[in-house]
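Enquirer: A predicted structure for the sequence below; I have some questions about it.
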Amino acid sequence: MAKILVDINVILDAILNRDDDSEKLINKLIKTNHELFITSSMIPILDYFLKKYKANKNEFKKKFLSRFKVISTTGYEAINSLDFKEGEDALIALSFKRIAGDGIIISRNKNLDSFGLKLLSPQEALNDKNLLEDDEIDNISLLDLAKEYRNIIEEIDNAILNCISNARYILGPEVKKLEEQIAGYIDTKYAVGVSSGTDALVLSLRALAIKRKKKEFFDKEDLIITTPFTFTATGEAILRAGATPLFVDIDLNTFNINPDEITKAIEKYGTKVKGIIPVHLYGQPCNMDKITKIAKEYDLFVVEDCAQSLGAKWKSKQTGSFGNTGCFSFFPSKPLGGFGDGGMITTNDEELYELLLMLRKHGGKDKYNVDYIGYNARLDTIQAAILLVKLKYLDNLNRKRRKIAKFYNEKLKGVDSIIPPYEDKNAYHVYHQYTVRVLSNKRDEIHKKLKEKSIQTMIYYPMPLHKMKVFLKNGMEVFGNLSNTEKAVKEVLSLPIEPLYEKEIFEKVVKVLKEEIK
Amino acid sequence: MNDDKDLVNALVRYYNESKSEDTMKKKSSNSQKEFPFVESLRKTFKELPKEKIDIKKEWYKYLEEKYGG
């Protein structure tokens, strides 16, 4: 799939002059999976002809932008373009090259300095069968974050430039706005923007220690139940808050912590257990009916690890709205990913909310006379600005992920040695990862073979927390033999799930997977 | 009572989730496959040039008239 910049003259020739080659070419290009672009420097020419021939601009915009993206030209590129004989052309090529180092330019001007990018005339492009017919699929990655950026490039660029110009870099208005929107989306009273999903967990636990124990940190004897089948941050946060993780096994169907095992662990460890951190792994919600019931019965807090589950629901209720807090991550690959680290804590508890506001800002309302041992853990304004744009598309992208999962499920059903993911009937899984189990010790071999065929798959996670040096060294408790977790780490394989990929890509993944599993 | 509520919730959930979960389409532009894109853009114009125009020449002429001495 190529990134193609089409000169505005070619587009106008097609529309206004009914130039046969240009018209055929554009009509063919829009049927491909290629990404099509013009630059913002071409807009004045377009505008002139739209006005001259009395076009309905809104209608034109809507139709045109359904397929073409507009790349910003920066002042820096404009200055550089003056170094070239044809500055106007140089500006176009320089701007395009920034976002598409492997792009193709289609222009009638054969003298256009394309700065090493492939340059084709409309006629040449029409004759290029590879370009128009053979939509070859090269590397298939798990996600394509650059493609996701290009898909909303105009809005993102605008948000970043506005944010930079306004210079409210720390806790600017975008942070507040995002907090309000996330609280509204999750349906909690409050949301607090923090610097990462990990910090969301740490701050939540610290706030709970202050509220429930009247101490800065938990004690080492305090146990917090969680799953060993998660990213290290979940367990790390427990240690950083002073407590000890108590690892409880998962349900092999959902990969999530098994509530029945939680009850048994509490029965064994008694009042040492202070809370539960369920992780909605891969975007599949935990059984929150059972977990909240257990927490209520034993007076435990619940901190939901929603790092992978923004938009996921348990019985129509958003994850992050069940526990004392919900902890979200905006790591770039997450369902709502920023351009760096970021996180959010949701809560209905006013006291926790006030504590969280203090903890993220060095531990006090008055930064020159703080109350608690705090952190420098604020969400950057620029990340909030980007996330506000991306939040609008979250539900749509989650729906696309679910469609991809449905497709995979249908195609992989009954395939030998493959167990597609299970979705609980009460769950709205958002498939942050589409993770299958590969049986018969074939997982690592399949992972390698798909890589050789340029298909990226990932193993989330190859090592359970209870086997990691950090927990062996710093303390943990293990309930039972964790046999399901031990099995999962050897069998799980996450397949490509980029919501902007077309069906052909997933067809290829399935085809190669079926061939290699034989 | 709770069972009824759960059933209603389940139905609402099913409706909301199923309405948006059609089969994945092949290529985003599939719906446009039969759709003449250029013609649809052309239809947004009330007028069209009677004869072939030189886009670049006309644009430069416009700039000259607007900004030229």
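Expert: Perfect, thanks for sending it.

Enquirer: is residue A:36 bridged to anything, and to what?
Expert: Here residue A:36 sits in beta bridges with residue A:4, residue A:68, going by DSSP bridges.

Enquirer: who's in contact with it?
Expert: Residue A:36 sits next to A:4-6, A:29-30, A:67-69 when contact means CB atoms under 8 Å, 6 or more residues apart in numbering or on different chains. Where you see a C-beta, it was placed from the backbone N, CA and C, and this is true even at glycine.

Enquirer: farthest-apart pair in those residues, please.
Expert: The two members of the contacts of residue A:36 with the most space between them (CB to CB) are A:5 and A:30, at 14.5 Å.

Enquirer: which one of these two has more residues nearby?
Expert: Neighbour tally, residue A:5 and residue A:30, criterion other CB atoms under 10 Å in any protein chain shown: the higher count belongs to residue A:5, 29 against 20.

Enquirer: do I have it right that that one meets residue A:92?
Expert: Yes. Using CB atoms under 8 Å, residue A:5 is in contact with residue A:92, at 7.2 Å.

Enquirer: common neighbours of those two, please.
Expert: Taking CB under 8 Å, 6+ apart as the criterion, residue A:5 and residue A:92 both touch A:39, A:105.

Enquirer: from residue A:287, how far out is residue A:1?
Expert: When CB to CB, to the nearest Å is the yardstick, residue A:1 and residue A:287 sit 40 Å from each other.

Enquirer: shaky segments in the stretch 1-150 of chain A?
Expert: Applying pLDDT under 70 to the predicted model, the residue ranges of the stretch 1-150 of chain A that meet it are A:134-136.

Enquirer: just the helices in it please.
Expert: Remark: helices of the stretch 1-150 of chain A, listed N- to C-terminal, are A:8-16, A:20-29, A:43-52, A:57-65, A:75-81, A:87-99, A:122-127, A:129-132, A:145-151; assignment by DSSP state H, counting those that start in this stretch.

Enquirer: chain center to stretch A:356-365, what's the gap?
Expert: Mean-position distance between stretch A:356-365 and its chain equals 27 Å (CA atoms, centre = their mean, to the nearest Å).

Enquirer: now do the contacts for residue 42.
Expert: All of this refers to chain A. By CB under 8 Å, 6+ apart, residue A:42 lies in contact with A:7-8, A:92.

Enquirer: right idea, wrong chain: chain B
Expert: Residue B:42 is in contact with A:15-16, B:48, counting by CB under 8 Å, 6+ apart.

Enquirer: ok, residue A:118 next?
Expert: With contacts taken as CB under 8 Å, 6+ apart, residue A:118 has the following neighbours: A:103-105.

Enquirer: among those residues, which are in strands?
Expert: A:104-105 (DSSP state E).

Enquirer: is it possible to get a markdown table of the contacts of residue A:118 that adds distance to chain B and neighbour count?
Expert: Rendered in a markdown table, the data for these read as follows (distance: CB to the nearest CB, whole Å; neighbours: other CB atoms under 10 Å in any protein chain shown):
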| residue | distance to chain B | neighbour count |
| --- | --- | --- |
| A:103 | 19 | 21 |
| A:104 | 18 | 20 |
| A:105 | 16 | 24 |
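
Enquirer: point to the residue nearest the middle of chain A.
Expert: Compute the mean C-alpha point of chain A, and by CA atoms, centre = their mean the closest residue is residue A:334, 2.5 Å away.

Enquirer: with just CA atoms, put stretch A:328-336 into CSV.
Expert: Extracted C-alpha coordinates of stretch A:328-336, given in CSV (Å, rounded to 0.1, in the frame of the first residue of the first chain):
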residue,chain,number,x,y,z
PHE,A,328,-6.0,3.9,32.0
SER,A,329,-2.9,4.1,29.8
PHE,A,330,-2.4,6.3,26.8
PHE,A,331,0.8,4.6,25.7
PRO,A,332,0.9,5.0,21.9
SER,A,333,-0.3,1.5,21.1
LYS,A,334,-3.2,1.5,23.5
PRO,A,335,-6.8,1.8,22.3
LEU,A,336,-6.5,5.6,22.9
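
Enquirer: quick one: is it near chain B?
Expert: No. Contact check for stretch A:328-336 against chain B, using CB under 8 Å from any CB of the partner chain: none in range, with a minimum separation of 16.0 Å.

Enquirer: would you mark the buried spots in that stretch?
Expert: When burial is assessed from 16 or more other CB atoms under 10 Å in any protein chain shown, stretch A:328-336 yields the following buried residues: A:328-331, A:334-336.

Enquirer: what's the average pLDDT for that stretch?
Expert: Mean pLDDT, taken over the full extent of stretch A:328-336, equals 97.

Enquirer: what are the contacting residues of stretch A:44-63?
Expert: A:8-9, A:11-12, A:16, A:38, B:37, B:40-41, B:44-49, B:55, B:59, B:62.

Enquirer: sort out which residues of the longest helix along chain A are buried, please.
Expert: Of all the segments assigned as helix in chain A under DSSP state H, the longest by residue count is helix A:381-412. For helix A:381-412, the buried set under the neighbour-count rule, 16+ other CB under 10 Å, comprises A:381-391, A:393-394, A:397-408, A:411-412.

Enquirer: out of these, who's near chain B?
Expert: With respect to chain B, and counting by CB under 8 Å from any CB, the subset of the buried residues of helix A:381-412 in contact is A:399-400, A:402-404, A:406-407.

Enquirer: how about these in TSV, adding distance to residue A:506 and pLDDT?
Expert: Written out in TSV, the entries for those read as follows (distance: CB to CB, whole Å; pLDDT from 0 to 100):
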residue	distance to residue A:506	pLDDT
A:399	15	98
A:400	11	98
A:402	13	98
A:403	10	98
A:404	6	98
A:406	11	98
A:407	6	98
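
Enquirer: which one of those is nearest to residue B:66?
Expert: Lowest distance from residue B:66 to those (CB to CB) belongs to residue A:400, with 45.4 Å.

Enquirer: near chain B, which residues of the stretch 401-518 of chain A?
Expert: Contact residues of the stretch 401-518 of chain A with respect to chain B, defined by CB under 8 Å from any CB, are listed as A:402-404, A:406-407, A:426, A:428, A:502-504, A:506.

Enquirer: quick revisit: which one of the ones next to chain B among the buried residues of helix A:381-412 is nearest residue A:323?
Expert: The shortest approach to residue A:323 among those belongs to residue A:402, at 24.1 Å (CB to CB).

Enquirer: can I take it that residue A:415 is in a helix?
Expert: No. Counting by DSSP: H, G, I helix; E, B strand; the rest coil, residue A:415 is not part of a helix but coil.

Enquirer: tell me how many other residues crowd it.
Expert: The criterion is other CB under 10 Å. On that basis, residue A:415 has 15 neighbouring residues.

Enquirer: SS state for the closest residue to it other than its chain neighbours?
Expert: Nearest in space to residue A:415, with sequence neighbours left out and distances taken as CB to CB, 6 or more residues apart in numbering or on different chains, is residue A:514 at 6.0 Å. Put simply, residue A:514 is helix when judged by three-state DSSP.

Enquirer: and the gap between residue A:514 and chain B?
Expert: Distance from residue A:514 to chain B, counting by CB to the nearest CB, to the nearest Å: 18 Å.

Enquirer: mind checking how far that residue is from residue A:100?
Expert: Applying CB to CB, one obtains 33 Å for the distance of residue A:514 from residue A:100.

Enquirer: the two: who's more crowded?
Expert: Between residue A:514 and residue A:100, counting by other CB under 10 Å, residue A:100 is the more crowded of the two (20 against 14).

Enquirer: which non-adjacent residue is nearest the more buried one?
Expert: With CB to CB, 6+ apart, the residue lying closest to residue A:100 is residue A:3, at 3.8 Å.

Enquirer: which residues touch that neighbour?
Expert: Residue A:3 sits next to A:34-35, A:37, A:99-100, A:102-104, A:150 when contact means CB under 8 Å, 6+ apart.
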